[in-house]
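A.B. asks: just need the structure, nothing else, for what follows:
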Amino acid sequence: METWNAITSRRNVREYSDEPIAPDDLDRVLEAARRAPSSKNWQPWDFVVVTKRDQLEELADAGMYAAHIPGSAATIALVMRDYDDPGERETARFDLGQAMLSIMLAAADLGIGSGHATVMDQAVARRVLGLPEDRFCAYLVGLGYPAGRPLKPVRNPARRAFEDVVHRDRW
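C.D. replies: Numbering: from 1, shown residues only. This is a model prediction of the structure:
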């Protein structure tokens, strides 16, 4: 798939088929995350990949809007340190957002759907993922082949009009 097709095909997928993701494809998605841009090449992330059904079911309890996680073929947990400095914390979260989008676009390129969730219960995430005390799980990205509706470019997305969101030179 070309980049533009991956961008226009990507949508939040929360219902997945039972088809597993090939290990090479999952590694490609993870490599996209690893190569994501970050401030000054800081790379403030770690990724924990979960494919075991019982862990996926438990992990869903940690997230907000994470009901799709148990049905995913794999879920990637985006992990970072808990920075005291507000600037470092916000920069790290921005960098994790870039890694998340890289995950989602690489997945879409392979026909794999994705759906994200914010982690709210760190005790559950820490227990399920075995995180060290100085780390926390910020986000989850569920991955799997879409059930019933494969990814394809969306011609008329339910988005605000281009003219409403794009301002040139001034508001």
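A.B. asks: from here on, just use CA atoms for contacts and neighbour counts.
C.D. replies: Will do.
A.B. asks: who does the helix or strand that contains Ala6 touch, helix- and strand-wise?
C.D. replies: Assigned by DSSP states H and E, Ala6 falls within helix 3-9. Here helix 3-9 touches helix 86-109, going by 3 or more CA pairs under 8 Å, 6 or more residues apart in numbering; DSSP states H and E.
A.B. asks: which residues are contacting the helix it packs on?
C.D. replies: 1-3, 5-7, 9-10, 28-30, 32-39, 43-45, 78, 80, 82-83, 113-114, 138, 141, 143, 151 (CA atoms under 8 Å, 6 or more residues apart in numbering).
A.B. asks: beyond that helix, next helix or strand please.
C.D. replies: strand 113-119.
A.B. asks: circling back: next step: the contacts of helix 86-109 restricted to strands.
C.D. replies: Counting by DSSP state E, the part of those found in strands is 78, 80, 113-114, 138, 141, 143.
A.B. asks: give me the beta-bridge partners of the residue sitting nearest the centre point of the chain?
C.D. replies: The C-alpha lying nearest the average C-alpha coordinate of the chain belongs to Val141 (CA atoms, centre = their mean; 3.3 Å). Going by DSSP bridges, Val141 is paired in beta bridges with Ile76, His116.
A.B. asks: thought it was touching Gly113?
C.D. replies: No. Counting by CA atoms under 8 Å, Gly113 is not a contact partner of Val141; they are 9.9 Å apart.
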